[in-house]
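Asks: Below are the sequence and a predicted model for it; my questions follow.
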Amino acid sequence: MAILCMARPWKHPKTGVYYFRRVIPEGLRPFVPEGDTAAPERRLAKHEYKRSLHTKDAPTAKRLYADAAAICDDYFSSLRAAKERAAATEVGGLASQAAGSRHATPEASATGHPTTFSLRALAAELGQEIIQRNAGAPPAAAFKNNRAIPPGPWGTPREPWASHRYALATSLRAKMRASQHEYVTTPSREFLGARGITLSPDEQQWEEFCELSCEAIDAALETLQRRYRHGDNDTATSDAPLVQRFPVGMPESRPRVAIAPLGAAITGLIETWAKGRENPRQRTRERFARRLEQFSAFLKHDDAMAVTSKDLRRWRDHLRNEGRTAKTVNEDCVAAVTTVFRAASAEEVLPTYPFHDYKALREDKTKENARRPYTEEEARRLLTCARLRTDALRWLPWLMAYTGARIGEVAQLRKEDVRTEHGIKVLRITGGTEKGHEVKTGSSRRDVPLHRAVIDEGFLKYVGGAKEGPLFSDLPPGRLGKRGDAASTEYRRWARGVVGITDKRAVAHSWRHRMEDQLREIEAPEEVAAAITGRTRQGSRAGYGKGPSLALQARWLAKIPAVKLGADTRT
């Protein structure tokens, strides 16, 4: 007994992207167009219909397969219609064939009314008329406030026309989606009246004509969006009528996949990303928003639905040509855009994630690291010079040297964060509800035992004499309330100008690198080292238990030798 296999997405053997594929009936193959410039995401052969589902995820591909099948059915229907039109020769005025046949009289059925194929041809002709009528509107007058036109110069003198017409098509499609029948009612009546055709609003044919007109107009505008999106300089300045340069005609397929809301602008997707996070960090939000604005400005449009992997690759190469390192491009610029677009896809603001086939830049692994640990001599000089300070720099170097904490974690400490737990003096590094009091990750929340060298230096006496609240109140809170910004600036100036450590690879974070090396030297277990420095634990045991105890951490920290300083310079 033969087993009938259900139709399913086809996975490309090289790229891993799923496709919809279906054999075109032999009788329809002569009517397949030679090219497929109207839909670059679909590739047609004479014998096969093939359409990318733009995903490498199997469940997503299965969900999109039904929509692609419906689109394919529509396309086959258009081929059958073309076959019948060719056989009956009842319509010769399709706008996609010639602009000169625009006033051809449609054939009528035995009842005296236009046939379905005649209505389809009339709708296509109406769509072309509306586009031609609106294509010449002055950019400043008609679309000054249109979000699809990004601010700033367009570069070459001819690009504004292409960009303007892209914005025009975007605006008209927005009107169509918001109020389809109202948008075509008046033009439809004028169009039919000029040809001596009268359809009563109560007749089914009137409703059918309005539907066909909406499809024709939307398909034509979508085609113009694609062709003008990147600025078609050769055609944008042509004096030929728009309908002659871009004959569109009826769509071979009416997309039934999810359409993004009209507000799905590139720069607007940051709100979608933020809504999907319980407590988005303000600094991350601002950085992501800034990268989205830069990406939109580079593309010269703000239409998230029109973005492709090719656009992201062009931006990536542009950033690299500006002199940015591969690490910066990958982890800062591009990562911000891909993260936000992935969130928009997950929230179904965008129908699919457009960057599945994007490949990041390869970084040069032979280069020296941007940061390095402090040497023993540098550590001695820094801690010795810190004794001469009376501000926050008196204790910031000492705390970083013996805890491996980040400078921002130390700078935001409050008096109540220095506490005793199970008889052990600790620093409590944690986030809070107050502005500017935050940690990098969940693993960064921790209690770190104080090293004997810090206690002997008199840190607890300093804490005892401090007022309630911030432990280093002389550090001004930054724009986002974080004292770590000012601490980083002050520390860098002091280390470079006063202590004399001018190597740019030696920074405040070098204390953290030094602590990691010291923990390796004493052969501290990986879990203990991760608990002390606030890194995420690795391995299958990472998610179990509370982790190393404070007593265990204190025993290993005690094995780290104190830095040998010179004469005590304290007064």
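Replies: On my side now, so go ahead.

Asks: CA atoms for contacts and neighbours, from now on please.
Replies: Will do.

Asks: tell me the pLDDT at the nearest residue to A289 once chain neighbours are set aside?
Replies: Nearest residue to A289, sequence neighbours excluded (C-alpha to C-alpha, 6 or more residues apart in numbering): I270, at 6.1 Å. Here, the pLDDT recorded for I270 equals 88.

Asks: just I131 next, same as before
Replies: Reading off the model, I131 has pLDDT 58.

Asks: hmm, back to that, check the secondary structure at the residue nearest to A289 for me.
Replies: Following DSSP: H, G, I helix; E, B strand; the rest coil, the label given to I270 is helix.

Asks: And for K62?
Replies: The three-state label given to K62 by three-state DSSP is helix.

Asks: Now for it: which residues touch it?
Replies: R8, P9 (C-alpha atoms under 8 Å, 6 or more residues apart in numbering).

Asks: pLDDT at it, what is it?
Replies: For K62, pLDDT reads 84.

Asks: And the strands in the protein?
Replies: 10-11, 18-23, 42-44, 48-52, 418-421, 424-429, 446-449 (DSSP state E).

Asks: Compare those and say which comes out lowest on pLDDT.
Replies: strand 42-44 (a mean of 44).

Asks: quick one: the helices in the stretch 301-450 of the chain?
Replies: Using DSSP state H, counting those that start in this stretch, the helices found in the stretch 301-450 of the chain span residues 309-321, 326-328, 335-346, 376-386, 396-403, 407-411.

Asks: quick one on the thing from earlier: make a markdown table from the strands of the chain and add mean neighbour count and distance to W398 to it.
Replies: Formatted as a markdown table, the strands of the chain follow (neighbours: other C-alpha atoms under 10 Å; distance: least, C-alpha to C-alpha, whole Å):
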| stretch | mean neighbour count | distance to W398 |
| --- | --- | --- |
| strand 10-11 | 18 | 58 |
| strand 18-23 | 20 | 56 |
| strand 42-44 | 15 | 63 |
| strand 48-52 | 19 | 59 |
| strand 418-421 | 16 | 15 |
| strand 424-429 | 20 | 13 |
| strand 446-449 | 23 | 14 |
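
Asks: Would you convert the ones you listed into TSV that also reports distance to G484?
Replies: Shown next, in TSV, are these (distance: least, C-alpha to C-alpha, whole Å):
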stretch	distance to G484
strand 10-11	49
strand 18-23	47
strand 42-44	52
strand 48-52	48
strand 418-421	18
strand 424-429	13
strand 446-449	18
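
Asks: measure the residue nearest to A289 to A123 for me?
Replies: Using C-alpha to C-alpha, to the nearest Å, I270 is found at 39 Å from A123.

Asks: Then F298?
Replies: Where A123 is concerned, F298 sits at a distance of 37 Å (C-alpha to C-alpha).

Asks: In terms of neighbours, single out the busier of these two.
Replies: A123 (29 against 17; other C-alpha atoms under 10 Å).

Asks: Check what pLDDT the closest residue to the more buried one other than its chain neighbours gets.
Replies: Of all residues not flanking A123 in the chain, S213 sits nearest, at 4.4 Å (C-alpha to C-alpha, 6+ apart). You'll see S213 listed with a pLDDT of 73.

Asks: What about S213, how many residues nearby?
Replies: Residues near S213, counting by other C-alpha under 10 Å, number 28.

Asks: Verify the contact between it and L126 for me.
Replies: Yes: using C-alpha atoms under 8 Å, S213 is in contact with L126, at 6.8 Å.

Asks: Assess the claim that R380 and A562 are in contact.
Replies: No: in terms of C-alpha under 8 Å, R380 does not count as a neighbour of A562; the distance is 9.9 Å.

Asks: And these two? Which one has more around it.
Replies: More neighbours surround R380 than the other of R380 and A562, with 17 against 14 (other C-alpha under 10 Å).

Asks: before we move on, back to that, how much space between the residue nearest to A123 and L79?
Replies: From S213 across to L79, the span is 19 Å (C-alpha to C-alpha).

Asks: Ok, A401 next?
Replies: 75 Å.

Asks: quick one, which of those two is more surrounded?
Replies: A401 (26 against 22).

Asks: Give me the pLDDT value at the more buried one.
Replies: For A401, the pLDDT comes out at 92.

Asks: Tell me how many other residues surround the spatially closest residue to it that is not a sequence neighbour.
Replies: Excluding the flanking residues, the one nearest A401 by C-alpha to C-alpha, 6+ apart is W511, at 5.4 Å. By the measure other C-alpha under 10 Å, the count of residues near W511 is 27.

Asks: isn't W511 right next to L396, touching?
Replies: No: using C-alpha under 8 Å as the test, W511 is too far from L396 to be in contact (10.6 Å).

Asks: beta partners for S52?
Replies: The partner list for S52 in beta bridges (DSSP bridges) reads Y19.

Asks: could you measure it against K310, distance?
Replies: When distance is defined by C-alpha to C-alpha, S52 is 15 Å away from K310.

Asks: And for P354?
Replies: P354 sits 10 Å away from K310, taking C-alpha to C-alpha as the criterion.

Asks: what do you get for T328?
Replies: Taking C-alpha to C-alpha as the measure, T328 falls 19 Å from K310.

Asks: Repeat that for P280.
Replies: 29 Å.

Asks: same check, this time on V448
Replies: Distance, V448 to K310, by C-alpha to C-alpha: 48 Å.

Asks: now I266
Replies: Distance from I266 to K310, by C-alpha to C-alpha: 16 Å.

Asks: For those two, indicate the residue with more neighbours.
Replies: The residue with more neighbours, out of I266 and K310, is I266; 23 against 13, by other C-alpha under 10 Å.

Asks: domains of this protein?
Replies: With domains defined by automatic domain parsing, the chain comprises 10-245, 269-346, 376-539.

Asks: among the ones you listed, where is the model least confident on average?
Replies: Ranked on mean pLDDT, the bottom entry among these is domain 10-245, at a mean of 60.

Asks: Surely R492 touches R505?
Replies: No: between R492 and R505 there is no contact under C-alpha under 8 Å: 11.4 Å.

Asks: which residues sit in contact with L361?
Replies: Going by C-alpha under 8 Å, 6+ apart, L361 touches A326, V329, N330.

Asks: what about it, distance to W315?
Replies: 12 Å.

Asks: From one end of stretch 9-20 to the other, what's the distance?
Replies: OK, stretch 9-20 end separation, C-alpha to C-alpha: 5 Å.

Asks: The chain should start at 829 in everything you say after this.
Replies: Sure, I'll start numbering at 829, so the last one becomes stretch 837-848.

Asks: quick one: contacts of that stretch?
Replies: So stretch 837-848 is contacted by 836, 849, 877-886, 889-890, 893, 896-897, 1185 (C-alpha under 8 Å, 6+ apart).

Asks: Now P853: closest residue in space that isn't a chain neighbour?
Replies: Closest to P853 by C-alpha to C-alpha, 6+ apart is H875, at 7.5 Å.

Asks: do you know how far the one you found is from D902?
Replies: 17 Å.

Asks: do R1170 as well
Replies: 30 Å.

Asks: How about N1107?
Replies: Taken as C-alpha to C-alpha, the span from N1107 to D902 is 45 Å.

Asks: So which of these two has more stuff around it?
Replies: Shown here are N1107 and D902; by other C-alpha under 10 Å, D902 has more neighbours (17 against 8).

Asks: Stretch 1180-1188: which residues count as buried?
Replies: Within stretch 1180-1188, the residues scored as buried using 16 or more other C-alpha atoms under 10 Å are T1180, Y1181, P1182, F1183, H1184.
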